[in-house]
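Engineer: have a look at this prediction, sequence included:
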Amino acid sequence: MTTLLEIKSSVLRQVQACPTFRRRAEGEPAATSADPPEPAAGAWKPGDGVEFFAHMRLILKKGEGRQGLPCPEVLLRSGSPAPAEPVDPSRGLRALTQEEVEMLYEEALYTVLYRAGTMGPDQVDDQETLLGYLQQVFGTSPEEHAEAIERVKKAKAPTYALKVSVMRAKNLLAKDPNGFSDPYCMLGILPASGAPREPGPRTEQRFGFRKGSKRGGPLPAKCIQVTEVKSSTLNPVWKENFVFEIEDVRADQLHLDIWDHDDDVSLVEACRKLNEVIGLKGMSRYFKQIVKSARANGTAGPAEDHTDDFLGCLNIPVREVPVAGEDRWFKLEPRSSASRVQGDCQLVLKLITTQRDTGMSQRGRAGFLSYMLLLSRLLQFEHRSEEPKASCWRGELSGPAATILCLHGAQNNLSALQLAVLHWQVSSRHHQTRTLDYGYLLGLLEDMQAHWEEASSLPQGQEESLADSFNAFSEFGLRLLRQLRDFFPATNSTAVYRLELLLKCLSKMQIFQPSFEVCSFRTELNADISAALKRGNREWYDRLLNTKSPREQSGPQRLAGLVELADAVYEDLQSCYGIYASLFHSITDIDFFTLTFRQLERLVAEEAWVLTEELSPKMTLEVASGLFELYVTLADIRRFWSSISGRDSRSLALAGIHGPFLPAVKLWLQVLRDQVRRRLQGAVDVDTLEPMDASSKHSSSAATASLCFSHIQELWARLAWPDPAQAEALGTQLSQDLCAATLFYTELLRKKVDAQPGAAGETLSEPLCVVLNNVELLRKAAGQTLRGLAWPEVTSGPEGVLPRPLLGCAQALDEDLQQEVHTVTAHLTSKMVADIRKYVQHISLSPDSIQNDEAVAPLMKYLDEKLALLNTSLVKENLSRVLEALWELLLQAILRALGANLDVSADFYGRFHFTLEALVSFFHAEGQGLPLESLKDGSYKRLEEELRLHQCSTRECIEQYYLDKLKQRSLEQKRFGRLSVRCHYEAAEQRLVVEVLHAADLPPLDANGLSDPFVIVELGPPHLFPLVRSQRTQVKNRTLHPVYDELFYFSVPAEACRRRGACVLFTVMDHDWLSTNDFAGEAALGLGGVGGIARPQVGGSARARQPVTLHLRRPRAQVKSALRMLEGRTNKEAQEFVKRLKELEKCMEADP
């Protein structure tokens, strides 16, 4: 191939890379910057389209956040501190009298001065620090503080006791033959010797109650206790509690032995009898000797026959017991180096006081009461209001405060449950006077729940006090929930988290309900929460109504406020669904969203009903606008409910609210129709018909029109008119108005182009390109908008199919716009007709001496330059349309050139054939341009055929003429009738036999409605059968269904019948006596398939063959093309053939 055949348009290759139009979501283009800023709601003027659509954008902007169900991530927009909760100093614990304060101060000092046990690593061990802290807490002067300390020191020291809980042991030695042991514990207090001892290694201070101990001093019998025997186990569980009085907390020790029991003597009974032995206190015996003596007084027999096995022992100095007590596993020790022991024993140890010489103890105040008062005092001191983030305080006490509370709780023998209860009571009361962190309060409830199994041990007074604290806190929490939106706004993540913790606190409190036998604090807290929420909803709504739309105002004045109220209700419902609902449902099992939605929706509906009834007689444009905006929000509320799975909006109070709004909506849509036209008129007036920017190919008015249509579609979706019949009427009218506005816009563009000042030729191409792009953009925008205007039909049709009125409107508009695009395209390409003809003429006039690519090069260069400009100016769809139009122009120009140059050389036609191939390659552009199916259709086929025929000889053209007749198919088979024939070849006689049987349904060609038909039978092409003359049937008068049954014989060789184009041509004529015969139709039958020619005839009669039915037709363009080729030729054979055919054509009617 030559170089020119490799030309591929770089412009066309870029077509698919051209971006399609997308509507700018940012707003209207800069070219229409004359638009004023968006006015406030209700400020638009009826005659100003700009302000009208600015107001519409405000309505749509409100709906941007109403698409689908709200997400918590969108609603929670602030992490700032939560709003301050209300506090009331009177809701705390009652204030103490001066005397009570002094007694509490004395109690605290007594606790510090007479502390016992080992301080923990997190506790303050310095006594002076603790005393100084108490002085700060109670605010005493140094003198008063010193006097109080002296007074407490003179008081009687407390009586100490050691609480021991023997819990379990593990991994003991097996002493019995069965591989187990029967362990029991014997424990007691080893009193001090009277003289302090130097501390030493524990291994050197082992003591035993059997033998080997050199410890002197008395052993009081009341100090010895024993557990039950656990049979056949190496991991016994006892869980037995003992209390031992301590005479010297600094020197006494707890001693514990574990033995394997080997007889049936009751150890408990032995110990009881031992404790009854007079004078036993003076005996310095060990435990086993005591047990033997007890058994000797029992019934089991001689003691030496029953020997228990030693399993291990423990020696724990009382002074080493931690102040807060301890729960610990102790490793068992041997009583001597020869003993073999193993295993561990779990003990719970706590050092307490049983008698206290303080004012509160003397007045019979229980220890938990003094602890509660002391904790309250310390909490108030620690939680200073001037501290930053005081509302987030989690009750973290300082070291001195925590130490003093630990000492006091331990000395007063308060259980873990009592301590948890007291901390909750004090903290929950304190929270109502000075806000604490709800996470801290929830932790206190969880701590109390962890020890609630000991609830039966609570004193009645403490249980009543706990119930009172629950009542007070629940009342406080319910008051906050009534003002949910004020104290826990949905947009504040900190406040929402506080709400979650508050609900968890209230929910946790219900766990304790069944345990309150003396004084239950509430029966149904969830019912109270629901009631508080309902009351809070109503109070919030009434407050909003009085602020925005007070009833004392007139209807038109209230309307704008009611719109704001409905918007506020929608936003609140979003918060309820997205934030609050999940919290209430997961924690309290309350459907807060349904509760709130039902209540607020009913209230808004009632207010809207009343207002629409009042305003209906006073319908004005401003009232209609306000009612339209109100209805859009009410429709959003109804749609919000329907968008939740399983919710039916038919049960809502808003279900029938659309009826009173119908007149206002109709009036508003009429205004919309007029304002759209005004807006489009204004946009076109300021349009310069230039691309908006480098990234777009349409002008500013198209962007404005597209945006207007988009707003209309969004508004219709939000309108969501529920009544199908009314929705159809509204939607049909709106769609018709939209179509009219679209055509109005195209008319404005056409006038704008026509009014362009004096531009001619190429300078007009750019505005035409912009107009073409504008129309295409609006065609897409209008089509999308019309599809978005679908309404619910009364009888539901197939899903995804538009209602019939809307579908018809969309199809009609698309046809009109396609026609407009075609007109503008034709106008655009008409500017190039003269140039194209000039370059095609250049090809036709080029001498045979130059190469084909040189002759075609100017045309290709011109096309490449023009298409580069068009590609820059047109969008992909329009570029394709222009390419199709240019392609047709080129084909017609070449056909015109061929018609103007008859009887030229074969090189002339070869050059144009080369040109055609080059143009196909150029416009196809390796698949990036026009598809080959489109390029090689229509006029291309005609041109290609003519070029091929021009390159053929005369006889080849004649053969092609007959081949075209054989290929022709009747487009209307019944229009010209049909002819039945039978044909075969007799090889012996070397003749072709043609039998014309009958015809049917012939066209009436005479005035009487009938015809006088006869059939001309001839063989062709003439050069294959030069000696054969045509034959004809008889004339059948006045019939449209003639019967002939005539035989015709043609003496022709079989080889001629097998040649290309050989056929029998049947021409049906209407015989006229006074004028030329009329042509009725013709049909051709190829001889190649006739029996006896295609294959030898084997047996049987020729008449037994099935007849062939041929449909008559009139010659069409593809048949006449070969005839035109022959007309241009001057040789005798061609002229004679054409002359003969023209004589036949004189008898034919014009081709319909």
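Structural biologist: Okay, I see it.
Engineer: need the single longest helix in this protein, by residues.
Structural biologist: For the chain, the helix with the greatest residue count under DSSP state H is helix 724-754.
Engineer: just checking, what packs against the helix or strand that it is followed by?
Structural biologist: On the C-terminal side of helix 724-754, the nearest following helix or strand under DSSP states H and E is helix 765-788. In this structure, helix 765-788 makes packing contacts with helix 700-719, helix 724-754, helix 804-830, helix 852-873, helix 876-900, judged by 3 or more Cβ pairs under 8 Å, 6 or more residues apart in numbering; DSSP states H and E. To be clear about C-beta, it is placed using only N, CA and C from the backbone, and glycine gets the same treatment.
Engineer: in a markdown table: those helices, plus mean pLDDT and mean neighbour count.
Structural biologist: Supplementary listing: the helices and strands packed on helix 765-788 in a markdown table, determined by pLDDT from 0 to 100; neighbours: other Cβ atoms under 10 Å:
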| stretch | mean pLDDT | mean neighbour count |
| --- | --- | --- |
| helix 700-719 | 89 | 23 |
| helix 724-754 | 90 | 19 |
| helix 804-830 | 88 | 17 |
| helix 852-873 | 88 | 18 |
| helix 876-900 | 87 | 19 |
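Engineer: JSON lines please, covering those helices and showing distance to residue 644.
Structural biologist: Listed next are the helices and strands packed on helix 765-788 as JSON lines, based on distance: least, Cβ to Cβ, whole Å:
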{"stretch": "helix 700-719", "distance to residue 644": "18"}
{"stretch": "helix 724-754", "distance to residue 644": "22"}
{"stretch": "helix 804-830", "distance to residue 644": "29"}
{"stretch": "helix 852-873", "distance to residue 644": "50"}
{"stretch": "helix 876-900", "distance to residue 644": "42"}
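Engineer: for residue 1137, which of the ones you listed is the nearest?
Structural biologist: helix 876-900 (19.7 Å; Cβ to Cβ).
Engineer: to residue 145, which of the helices and strands packed on helix 765-788 lies closest?
Structural biologist: Of all these, helix 700-719 comes closest under Cβ to Cβ, at 74.7 Å.
Engineer: report the angle between that closest one and helix 765-788.
Structural biologist: 0 degrees (axes from the mean of the first three to the mean of the last three Cα atoms, to 10 degrees).
Engineer: what helices or strands is helix 700-719 leaning on?
Structural biologist: With contacts defined as 3+ Cβ pairs under 8 Å, 6+ apart, helix 700-719 has these neighbours: helix 49-63, helix 621-642, helix 658-685, helix 724-754, helix 765-788.
Engineer: residue 1135 is nearest to which of these?
Structural biologist: Across these, residue 1135 has its closest neighbour in helix 765-788 (47.8 Å, Cβ to Cβ).
Engineer: what's the angle between that closest one and helix 658-685?
Structural biologist: Computed with the same axes, to 10 degrees, the direction of helix 765-788 lies at 170 degrees from that of helix 658-685.
Engineer: coming back round to it: closest to residue 603 out of the helices and strands packed on helix 700-719?
Structural biologist: For the helices and strands packed on helix 700-719, distance to residue 603 was read as Cβ to Cβ. The smallest value, 11.4 Å, belongs to helix 621-642.
Engineer: show me what the closest one is packed up against.
Structural biologist: Against helix 621-642 (3+ Cβ pairs under 8 Å, 6+ apart) you get helix 49-63, helix 555-575, helix 592-615, helix 658-685, helix 700-719.
Engineer: and those helices, which is most packed in?
Structural biologist: Counting by mean count of other Cβ atoms under 10 Å, helix 700-719 has the highest mean neighbour count of the helices and strands packed on helix 621-642, with a mean of 23.
Engineer: run the angle between that one and helix 724-754 for me.
Structural biologist: For helix 700-719 against helix 724-754, the angle between stretch directions is 180 degrees (the same axes, to 10 degrees).
Engineer: run the chain-centre distance for helix 700-719.
Structural biologist: Between the centre of helix 700-719 and the centre of its host chain there is 25 Å, according to Cα atoms, centre = their mean, to the nearest Å.
Engineer: of all the helices and strands packed on helix 700-719, which lies closest to residue 985?
Structural biologist: Between residue 985 and the helices and strands packed on helix 700-719, the shortest separation by Cβ to Cβ is 61.8 Å, and it involves helix 765-788.
Engineer: in the closest one, what counts as buried?
Structural biologist: Within helix 765-788, the residues that qualify as buried by neighbour count (16 or more other Cβ atoms under 10 Å) are 765-783, 785-786.
Engineer: how is this structure divided into domains?
Structural biologist: Structural domains assigned to the chain are 98-157+357-523, 159-193+219-294+306-355, 533-655, 658-793+801-825, 955-1149, following the TED database.
Engineer: out of those domains, nearest to residue 87?
Structural biologist: Residue 87 lies closest to domain 98-157+357-523 among those, at 5.5 Å (Cβ to Cβ).
Engineer: now do the closest one, average pLDDT.
Structural biologist: Per-residue confidence for domain 98-157+357-523 averages out to 85 on the pLDDT scale.
Engineer: let the chain start at 56 from now.
Structural biologist: That works, and once the first residue is 56, the last one we named lands at domain 153-212+412-578.
Engineer: isn't residue 1055 up against residue 1033?
Structural biologist: Yes. With contact defined as Cβ atoms under 8 Å, residue 1055 counts as touching residue 1033 (5.5 Å).
Engineer: quick one: the helices in the stretch 256-405 of the chain, in order.
Structural biologist: 322-331, 342-351 (DSSP state H, counting those that start in this stretch).
Engineer: worst average pLDDT in the ones you listed?
Structural biologist: Averaging pLDDT over each of these puts helix 342-351 lowest, since it has a mean of 48.
Engineer: tell me who's in contact with residue 683.
Structural biologist: Contacts for residue 683 were tallied using Cβ atoms under 8 Å, 6 or more residues apart in numbering; they are 716, 719-720, 723.
Engineer: and for it, nearest residue in space, chain neighbours not counted?
Structural biologist: Among residues not flanking residue 683 along the chain, residue 723 sits closest, at 4.3 Å (Cβ to Cβ, 6 or more residues apart in numbering).
Engineer: residues contacting the one you found?
Structural biologist: Applying Cβ under 8 Å, 6+ apart to residue 723 gives the contacts 679-680, 682-683.
Engineer: swap the cut-off to 10 Å and go again
Structural biologist: Contacts were defined as Cβ atoms under 10 Å, 6 or more residues apart in numbering; by that measure residue 723 touches 676, 679-684, 686, 716, 770, 774.
Engineer: mind putting those residues into JSON lines with distance to residue 911?
Structural biologist: Listed next are these as JSON lines, based on distance: Cβ to Cβ, whole Å:
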{"residue": "676", "distance to residue 911": "67"}
{"residue": "679", "distance to residue 911": "67"}
{"residue": "680", "distance to residue 911": "66"}
{"residue": "681", "distance to residue 911": "70"}
{"residue": "682", "distance to residue 911": "70"}
{"residue": "683", "distance to residue 911": "65"}
{"residue": "684", "distance to residue 911": "66"}
{"residue": "686", "distance to residue 911": "67"}
{"residue": "716", "distance to residue 911": "69"}
{"residue": "770", "distance to residue 911": "56"}
{"residue": "774", "distance to residue 911": "60"}
